[in-house]
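A.B. asks: Got a sequence here, can you build the structure:
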Amino acid sequence: MKITREKIALLIFAALLAVVAAASVSYFFTSRNFNVAASYVDDQVGSMEDYTVVVYNGTVGPQEESDAADTAAPWMGNGAPAGQEGTDAQVEEGRKILELGEAEDGLGHKVYLSDVNDLYREKGASVLSLNLTKAGQYEEPQLFTVGERKIGVLEVSAYVSERKLKKLADGLRERGASSVVCIARTTVLLASPASVDVLIVTGPEKDLSVDGGFVDGTFVVRTPDVGSVGALVINHANVVSARVISPE
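C.D. replies: Down below sits the predicted model:
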């Protein structure tokens, strides 16, 4: 009888652990949903004093996108990364607010990095601009102070093992980086992105979105087309979402 009671107690305990785990996961995603949704609202009303924004220029040409290879890193799995936790409507609304159309700014069919930089500064955000036109600018890991936050940036142009990438990321964190951004032409250059917070892919790759998505906890996003500008929006809780500012 005693053994039976112990087994029942263990089963009840295991069930309680499962419930707690499920609740924790639910809370995590609900919290992320709320943070991403709130960032769109703040973006629209122009109140972004508590945000850090990383803006980067589009690097993918129209022909490159149409010729994008199916090749992707094994860690990408069989499909696209899990999308950021904003609804499609929220993403679209965010884009509408951010568009710098020809009728308004006279920029024609191109959006400039400096204009998006100024746009977010006027909203009160701390902004870091990354010019990704020329490859290799960030192969030497760099630490940037952006407002009260420090952001580490590194670039890989050849295959990098999980251990080596972690060593590079850890080096930036030891110097005070609260977020580490990695830049690569393609996902196949990384054995795993797990040691960085954000991976920006500058080349064309199918199933990789300019809106970004999560792969094993890393936010993976592709740069937009040439003539557009991408933006990573990071809130006070280090929750990341992405925007695309386009001329159309």
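A.B. asks: Following element in sequence after the lowest-mean-pLDDT helix or strand in the chain, please.
C.D. replies: Every helix and strand of the chain was ranked by mean pLDDT, DSSP states H and E. The lowest is helix 102-105, at a mean of 39. Next helix or strand after helix 102-105 toward the C-terminus (DSSP states H and E): helix 113-122.
A.B. asks: Any buried residues in that next one, and which?
C.D. replies: For helix 113-122, the neighbour count (16 or more other C-beta atoms under 10 Å) marks Leu113, Val116, Asn117, Leu119, Tyr120 as buried. The C-beta positions use only the backbone N, C-alpha and C, and glycine is treated the same way.
A.B. asks: just stretch 200-212 next, same as before
C.D. replies: Neighbour-count burial for stretch 200-212 [16+ other C-beta under 10 Å]: Ile200, Val201, Thr202, Gly203, Pro204, Glu205, Asp207, Leu208, Ser209, Val210, Asp211, Gly212.
A.B. asks: So which of those sit within strands?
C.D. replies: Using DSSP state E, the members of the buried residues of stretch 200-212 that fall in strands are Ile200, Val201.
A.B. asks: So among the buried residues of stretch 200-212, where is pLDDT lowest?
C.D. replies: The member of the buried residues of stretch 200-212 with the lowest pLDDT is Asp207, at 78.
A.B. asks: Could you export the buried residues of stretch 200-212 as a markdown table, including distance to Pro141?
C.D. replies: Putting the buried residues of stretch 200-212 into a markdown table (distance: C-beta to C-beta, whole Å) gives the following:
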| residue | distance to Pro141 |
| --- | --- |
| Ile200 | 15 |
| Val201 | 18 |
| Thr202 | 17 |
| Gly203 | 21 |
| Pro204 | 26 |
| Glu205 | 24 |
| Asp207 | 28 |
| Leu208 | 24 |
| Ser209 | 26 |
| Val210 | 25 |
| Asp211 | 27 |
| Gly212 | 22 |
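A.B. asks: Quickly check the buried residues of stretch 200-212 for the two that are furthest apart.
C.D. replies: Longest distance between any two of those is 17.1 Å, between Gly203 and Asp211; criterion C-beta to C-beta.
A.B. asks: Okay, strands next: where are they in this protein?
C.D. replies: Going by DSSP E, the chain shows strands at 52-57, 82-83, 126-130, 142-146, 149-156, 179-184, 198-201, 213-215, 218-222, 229-234, 240-245.
A.B. asks: Who does the last one pair with, and is each partner parallel or antiparallel?
C.D. replies: Note on strand 240-245: by DSSP bridges, its sheet partners are strand 229-234 (antiparallel).
A.B. asks: which residues are contacting the strand it pairs with?
C.D. replies: Strand 229-234 is contacted from outside by 39, 43, 48, 51-58, 98, 111-113, 116, 120, 125, 149, 179, 181, 198, 200, 210, 212, 219, 221, 223-224, 240-246, using C-beta atoms under 8 Å, 6 or more residues apart in numbering.
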